[in-house]
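Visitor: no sequence for this one, just the structure:
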């Protein structure tokens, strides 16, 4: 059974930082592209960032580029999202997503339950 369990969300002031983690199990983690997607209140899902199976390639949405860093530890089967300089518009539920293969175009196959990030003073 594939499991993706996010953690690390919470309340942070504007300009603050958080690190999200996603513990993966039930599949060979190092074989897959992994992605972070977020969903703000009353909005649709928004792609945030993706990372290749080996961590060598990363991509970011323009809205968070330069502020967020995606990473993975294949030995620990864990995906990360280091978030800095957080803004109120970063408020959302953040989801860890397993894609169906090792290609960027592979579909989103499994989602975690999400972790809430709230940016407010």
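Guide: Cool, the structure landed. All values derive from a computational prediction rather than experimental measurement.
Visitor: from now on I want contacts and neighbour counts done on CA atoms only, so please keep to that.
Guide: Will do.
Visitor: which strands or helices does the least confident helix or strand in the chain by mean pLDDT pack on?
Guide: Here the helix or strand of the chain ranked lowest by mean pLDDT, DSSP states H and E is strand 108-111, holding a mean of 94. Contacts defined by 3 or more C-alpha pairs under 8 Å, 6 or more residues apart in numbering; DSSP states H and E place strand 108-111 against strand 92-99.
Visitor: ok, the residue most central in space within the chain - contacts?
Guide: What sits nearest the mean C-alpha location of the chain, by C-alpha atoms, centre = their mean, is residue 36, with 2.7 Å. Contacts for residue 36 (C-alpha atoms under 8 Å, 6 or more residues apart in numbering) come out as 47, 48, 49, 50, 81, 94, 95, 96, 97.
Visitor: then residue 29?
Guide: Counting by C-alpha under 8 Å, 6+ apart, residue 29 makes contact with 53, 74, 77.
Visitor: next one: residue 20
Guide: Here residue 20 is in contact with 6, 7, 8, 9, 80, 81, 82, 83 (C-alpha under 8 Å, 6+ apart).
Visitor: tell me the bridge partners for it.
Guide: Taking DSSP bridges as the rule, residue 20 bridges to residue 81.
Visitor: from residue 8, how far off is it?
Guide: Distance of residue 20 to residue 8, computed by C-alpha to C-alpha, to the nearest Å: 5 Å.
Visitor: I'd guessed residue 48 sits against residue 35; true?
Guide: Yes - using C-alpha atoms under 8 Å, residue 48 is in contact with residue 35, at 7.5 Å.
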